[in-house]
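A.B. asks: Using only what follows, build the 3D model:
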Amino acid sequence: MADFTITTRIQKKDGEYLIPSNGLISVHIAVAHNGKTRYINTGLKTHFSSMKKSYNRLGNITYEVSDFFVIKKCMEIIEGYMDKSNRYDVSKMNCSELVELLKRDEDSIPFFDFATKFIGDMINDGSAGARNYRTALNNFKEYVDDSRLTFKDIDSKLINGWIKSLMNTSRARQMYPSAIKTIFKAGAEYYNDYDRGIMLISNDPFRRVVIPKALIPKKRSIDPECVRKFFEYEEAKESVFLNKVIQSRESIAKDVCVMVFCLAGINTADLYHMKKENYKKGKLCYNRRKTRSSRDDSAYIEIKVIDYIKPLFEKYLDNSKSDFLFTFYKRYRDHQTLNKSINQGLTRIAKGIGLPNLTTYTFRHSWATIAQNHCGASIADVAFALNHVSEHKITERYISIDYSPIDRLNKKVVDYIIS
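C.D. replies: Model prediction:
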């Protein structure tokens, strides 16, 4: 059991006590535990002139706090420390660990501070889902409208009310609460010491919350004739400035989306981050950025670069010493910026040639739809080509994966469009 003592820690120099000019001395609680002593500043002050002068066992002069008000407040603090020490198994803690426990107020652990750090760690780790988590956090923060929200403040009533405000959305109703639940659970893991029974976050607001499923999104695909019309689109003439060809937003949008379609619906994020080391013997061999950190196989896939898009590869290949395979990084800050610019270009193209609304996802979904409806592929074939998680995880551990079926299916789909 720890011992607690009221002290001031007045410093000496050349045998004289160092007293501040205003005479006010900070009051501390000395915590003695497992052979060590540490000090906690109470934030209270006492005047030096009011302190009681006495002598210790060695005959040296010491000063003790005698102010009744200060002593009463210190005893209340010590009572709280003793109560907390009795609630937890502190016998195996060293003194510094005990002091950290005593100083930490479980009623005031800030949620948004931890959540911001959690998402920052996701960004540093290169997690593709960090952006969705940040969006979810911003939405939750706007709903709560209290930047001082603590873990203890979050209860099922608050979460259910927030979910109710999201029910008119299709994906956010599931994605946002799931993200906040993950952050909350991570906070409990971070602050709680389950081995010692130290539960600084003991509430579980999601225990009585049912997170609704996302609504099935509208099909984003377009029919083969629309895809052909897009492939035949002739962008406006590219301008020239200082002997350099300046590509229009529509031109880049078309080029990238043709690449997306002809690479079995590859994600633009993967194109942006593709490295030279991923291009091997005419194939892209890479880990899908969106799901690589959440799958046992790291979402690895290989796909052949067909002849039809090799001119586009040459057009965007980065010949510098950079690790990047393509030059997109030179023009766009990140893959989100690239994607936003492409979607803006697609909007102009769609209006110009009378197509429905287009996004980069249109060409991934259209590839999948054409593969099944017009090229005889099964849903399992399409899922394999799109690098979706497999339903046969155990079986796949027994076999060496052959990616050539993706190349054969991709050739059928592209030939169906361009022939």
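A.B. asks: residue boundaries of the strands in the chain?
C.D. replies: In the chain, the strands defined using DSSP state E lie at 3-7, 12-13, 16-17, 24-33, 36-47, 52-55, 61-64, 239-241, 244-246, 279-280, 283-287, 300-304.
A.B. asks: Centre-most residue in the protein?
C.D. replies: residue 130 (3.2 Å; CA atoms, centre = their mean).
A.B. asks: Quick check: the nearest residue to that one once chain neighbours are set aside vs residue 10, distance?
C.D. replies: Once flanking residues are discounted, residue 130 sits nearest to residue 122: 3.9 Å by CB to CB, 6 or more residues apart in numbering. (Glycine included, C-beta is placed from N, CA and C.) For residue 122, the distance to residue 10 (CB to CB, to the nearest Å) stands at 47 Å.
A.B. asks: With residue 280 instead?
C.D. replies: 71 Å.
A.B. asks: Pick out whichever of the two has more residues nearby.
C.D. replies: Taking other CB atoms under 10 Å, residue 280 and residue 10 do not tie; residue 10 has more neighbours (15 against 11).
A.B. asks: contacting residues for the more buried one?
C.D. replies: 17, 18, 19, 25, 48, 63 (CB atoms under 8 Å, 6 or more residues apart in numbering).
A.B. asks: Residue 11 is in contact with the second one, correct?
C.D. replies: So that's residue 18. Yes. The pair formed by residue 18 and residue 11 meets the contact definition of CB atoms under 8 Å, at 4.7 Å.
A.B. asks: now the helices: where do they sit in the stretch 251-400 of the chain?
C.D. replies: 268-273, 310-316, 328-331, 335-353, 360-373, 379-385, 393-396 (DSSP state H, counting those that start in this stretch).
A.B. asks: quick check: angle from the fourth one to helix 360-373?
C.D. replies: Okay, so that is helix 335-353. 70 degrees (axes from the mean of the first three to the mean of the last three CA atoms, to 10 degrees).
A.B. asks: from the middle of its chain, how far away would helix 335-353 be?
C.D. replies: 26 Å (CA atoms, centre = their mean, to the nearest Å).
A.B. asks: Quick check: buried residues in it?
C.D. replies: By neighbour count on 16 or more other CB atoms under 10 Å, the buried set for helix 335-353 is 335, 338, 339, 341, 342, 343, 345, 346, 347, 348, 349, 350.
A.B. asks: out of everything not next to it in sequence, what's closest to the second one?
C.D. replies: The one in question is residue 338. residue 332 is the one closest to residue 338 (CB to CB, 6+ apart), at 4.1 Å.
A.B. asks: Please name the residues that touch that neighbour.
C.D. replies: Residue 332 touches 272, 338, 341, counting by CB under 8 Å, 6+ apart.
A.B. asks: switch the cut-off to 10 Å
C.D. replies: 252, 272, 338, 339, 340, 341, 342 (CB atoms under 10 Å, 6 or more residues apart in numbering).
A.B. asks: how far away is the closest residue to residue 167 other than its chain neighbours from residue 7?
C.D. replies: Of all residues not flanking residue 167 in the chain, residue 173 sits nearest, at 5.8 Å (CB to CB, 6+ apart). Plainly put, residue 173 is 56 Å away from residue 7 if you go by CB to CB.
A.B. asks: Please work out how many residues are found near residue 15.
C.D. replies: There are 7 residues near residue 15, going by other CB under 10 Å.
A.B. asks: With residue 309 instead?
C.D. replies: Residue 309 has 18 nearby residues by other CB under 10 Å.
A.B. asks: Test my guess that it contacts residue 262.
C.D. replies: Yes. Between residue 309 and residue 262 there is a contact under CB atoms under 10 Å: 4.6 Å.
A.B. asks: Domain parsing of the chain, as residue ranges.
C.D. replies: As given by automatic domain parsing, the domain ranges for the chain are 3-103, 108-208, 224-418.
A.B. asks: So for residue 214, which of those sits nearest?
C.D. replies: domain 108-208 (4.1 Å; CB to CB).
A.B. asks: before we move on, the earlier item: so for residue 406, which of the strands of the chain sits nearest?
C.D. replies: Using CB to CB, the strands of the chain put strand 300-304 closest to residue 406, at 5.6 Å.
A.B. asks: Give me the buried stretch members for the closest one, please.
C.D. replies: 301, 302, 303, 304.
A.B. asks: Could you check how far the residue nearest to residue 338 is from residue 342?
C.D. replies: 9 Å.
A.B. asks: any residues in contact with both of these two?
C.D. replies: residue 252.
A.B. asks: pLDDT below threshold where in the stretch 151-300 of the chain?
C.D. replies: Residues of the stretch 151-300 of the chain that meet the criterion pLDDT under 70 lie in 216-219, 235-246.
A.B. asks: Pull the contacting residues for residue 192.
C.D. replies: 106, 198, 199, 200, 201, 202.
A.B. asks: now with 8 Å?
C.D. replies: Residue 192 neighbours (CB under 8 Å, 6+ apart): 198, 199, 200, 201.
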